[in-house]
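Undergrad: okay, sequence plus prediction incoming.
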Amino acid sequence: MDTNIESFLYVALVIGAVAIGFALLRARAVMAAAEGNDAMQGIAVAIQEGAASFLKREYTFLAGFVAAMFVVLLVFIDLDALTKLEGVKNPDTFKFATSISYVIGAILSAGAGYLGMMIAVRANVRTAASAQDGLNSALKVAFNSGTVMGMTVVGLGLVGLTLLYLIWQDPAPLAGFAFGASSIALFARVGGGIFTKAADVGADLVGKVEAGIPEDDPRNPATIADNVGDNVGDVAGMGADLFESYVGSMVATMTLAVLAVAGASSVGSKELFDGGAEYASKPIVLPILIAAIGIISAIIGTFFVRTKEGATQGGLLWALRNGVFAASGLVLIGAAIAIQTLELDWALFWVILVGLIAGQVIGTATEGFTSSEGFNIGPISYSPTVDLAEQAEAGAGPIIIGGLSLGMLSTVVPMVTVVIALIIANSLGGFYGVALAAVGMLAPLGITLATDAYGPVADNAGGIAEQAGLDPEVRERTDALDQLGNTTAATGKGFAIGSAMLTSIALLATFATVTNLGLEDLSLLKVNVMAGLLIGALMPFVFSALSMGAVGRAAQAMVEEVRRQFREHPGIMDGSEQPDHERAIRISTDGSLREMIVPGFLAVIVPIVVGVLFEAPGLGGLLIGSIAAGSMLAIMMSNSGGAWDNAKKYVEEGHFGGKNSEAHKAAVVGDTVGDPFKDTSGPSLNILLKLMAIVAVVFGPLFL
């Protein structure tokens, strides 16, 4: 490796370490905040213990899965086939390097989620205590907690990927790293999503609708389980999810760079990659440098996030946007410097710009469809979420229909944006450019994830304020942050889905190249390709059905338990008896761990089975079908769920009858449908797309 290139990699390592150090500083700032009174601290400890217990059991299962997959990789990677493939430098060590990379990717993915969650469960009570002083104080604590999550993800991702590239001197085994990250992310998202939504649905249907008690009322046996779920699903699961997205986009870009330099014309234009041996490693390290620049930009962007007391939802949203926009602008400046320094073609700068713009367009469209602020373009003001809340006055049926319609319509802007970005990026840099656009979209992830991860902390803070009997003004402040958190969470999922589409397309190109498939081999007129395509299109629906059904079954068990406690212990309602929160937590834990197994295994097994039955062309068809169907279903489910949730909150603010009205009851029903949409099935689909694609790349040589 060229000495100058190697020095750039060591700089990236240092920047990754800086991100981890910055996360530790923000964690220290969170821990220094006041914890509130004894009642608040007692509730917080119960949440911490429940979350830690769940993750311990989940990670114990995942450790066994990772060990089994490590053995599978060692046994089934085909060395004879690898010697025939372009871009694999050392076939003899590839099997071992890929297997070790898989384990490291899995460990870091799990670690990112765990570390972020451990701060989140300690930040919630501190956010509630800070909300007694003012909105900005609460935002600062919650956002600092989110920053810990964001910086931990990007720091561990960049350090892990860069170190492995320095060790192996070859990007090919890094597919194992992405495979490990994706494996953990899928199980963590599905398992955590089932836990949180089972508790949430049970708490809402029995507590709010049947018993008529407020959300997060301490008398509700499912309240603590609901709070635990916010952390294991929306923080730990989300952290592993975005870690996988982050490293997956870089691995796809680096792998395609190797293939392009090796002469694969479909990957990138000859002018971009024909520069001799000295040039060869430059496009490989570019995504690492862009990620490093993104970390520095995100750190600077965090200092732009602040708001004033009494700020509206729009004001709070702009407070977070300021940080994201500042970071994105700095990424663009840094990318220009990096491309100039590496003496790469300036077409790649425009590719990165395309990725950044596409991410912002998708994020803005998502905000418009899921926030009560809606779209405000000059004199034109339109809020689909407010219209959805109004439909609640007609009952549960209309709000369900309206939410589904809203979600379907919301796919238009993201899909058109990705199509335009795909065409432009491909014309500028081939499929390498498509993958690099995804890297550009995720470059400021350190701050975009921070704006996402703070939401569950604010939600928990509101629950603690309610259970501890704090002044209503405190709950109003935490609710303002929570409502915005629903929007930023939907925006984060939009970024993840947008980047997933681009990354999955890039991985499809990688698969086609390493298995020597041409356009004729992937012709839809071939039966095996069409069969694979239809199975691929089917997979997101089967996966969503399994995960939605899992939430329904776990929620039914929770509903029955809450009803039993209210029925057998009538003193709960007057405060003379205490609800059994631990039993509710155990029900969610057992249900989620049991139900996550089948969806998780399907994502790994189905691509291998299709490859065995229909060979490489059929597996290529599977990837095409899954990308087309899965991306649209993911956007629809995430945005429908976000809109239903915020429509409920809009009614609770006093509109259309307010709390305990018929409209409110209908809105709660809509929210219970939207919960597994936006927090279980929807966000898991983008992981499904990339996991199946990376499985195809890793095991592709078996099906030559």
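TA: Alright, I've got the coordinates.
Undergrad: what count of nearby residues applies to the nearest residue to Val206 once chain neighbours are set aside?
TA: Distances taken as CB to CB, 6 or more residues apart in numbering place Val562 nearest to Val206, at 4.2 Å, with adjacent residues excluded. No exception for glycine: its C-beta is placed from N, CA and C like everyone else's. A count of nearby residues for Val562, using other CB atoms under 10 Å, gives 27.
Undergrad: can you check Gly212 too?
TA: Neighbour tally, Gly212, other CB under 10 Å: 11.
Undergrad: help me confirm that it is found in a helix?
TA: No. Assignment of Gly212 by DSSP: H, G, I helix; E, B strand; the rest coil gives coil, placing it outside any helix.
Undergrad: ok, it touching Asn660?
TA: Yes. Applying CB atoms under 8 Å as the test, Gly212 and Asn660 come out as touching, 6.2 Å apart.
Undergrad: and stretch 655-670, C-alpha only, in CSV?
TA: Taking C-alpha atoms only, stretch 655-670 is exported to CSV below (Å, rounded to 0.1, in the frame of the first residue of the first chain):
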residue,chain,number,x,y,z
HIS,A,655,-57.6,19.5,19.2
PHE,A,656,-60.8,17.7,18.0
GLY,A,657,-62.0,17.0,21.5
GLY,A,658,-58.7,16.4,23.3
LYS,A,659,-57.9,13.6,25.7
ASN,A,660,-60.6,10.9,26.5
SER,A,661,-62.8,12.1,23.6
GLU,A,662,-64.1,9.6,21.0
ALA,A,663,-61.6,11.1,18.5
HIS,A,664,-58.8,10.4,21.1
LYS,A,665,-59.9,6.8,21.4
ALA,A,666,-59.9,6.3,17.6
ALA,A,667,-56.4,8.0,17.4
VAL,A,668,-55.1,5.6,20.1
VAL,A,669,-56.3,2.7,17.9
GLY,A,670,-54.5,4.2,14.9
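Undergrad: now Val190. Nearest residue, chain neighbours left out?
TA: Using CB to CB, 6+ apart, the nearest residue to Val190 is Met596, at 4.5 Å.
Undergrad: look up how far Ser684 lies from the one you found.
TA: Separation of Met596 from Ser684 (CB to CB, to the nearest Å): 10 Å.
Undergrad: who has more neighbours, those two?
TA: Ser684 (32 against 28).
Undergrad: who's in contact with the residue nearest to Val206?
TA: Gly202, Ala203, Val206, Gly207, Asn220, Pro221, Ala222, Ala584 (CB atoms under 8 Å, 6 or more residues apart in numbering).
Undergrad: low-confidence regions, the stretch 301-450 of the chain specifically.
TA: 306-319, 378-379 (pLDDT under 70).
Undergrad: now do the chain
TA: Checking the chain against pLDDT under 70 turns up 1-2, 78-92, 208, 215-216, 262-280, 306-319, 378-379, 486-487, 490, 704.
Undergrad: rewinding a little: Ala198 is in contact with the residue nearest to Val190, correct?
TA: No. Applying CB under 8 Å as the test, Met596 and Ala198 come out as separate, 11.7 Å apart.
Undergrad: okay, and Asn376 sits in which element?
TA: For Asn376, the host element (DSSP states H and E) is strand 375-377.
Undergrad: tell me which strands that strand pairs with, and in which orientation.
TA: strand 380-382 (antiparallel) (DSSP bridges).
Undergrad: what does the helix or strand just after the strand it pairs with contact?
TA: Per DSSP H and E, the first helix or strand lying C-terminal to strand 380-382 is helix 384-391. The contact list for helix 384-391 (CB under 8 Å, 6+ apart) reads 368-372, 374, 398-399, 401-403, 406, 409-410, 643-644, 646-648, 650-651, 655-656, 663, 667, 670.
Undergrad: check stretch 159-168 too.
TA: Against stretch 159-168 from outside (CB under 8 Å, 6+ apart): 6, 9, 12-13, 16-17, 20, 90, 93, 97, 101, 104-105, 108, 171, 173-174, 177, 247, 250-251, 254, 288.
Undergrad: cool, thanks, talk later.
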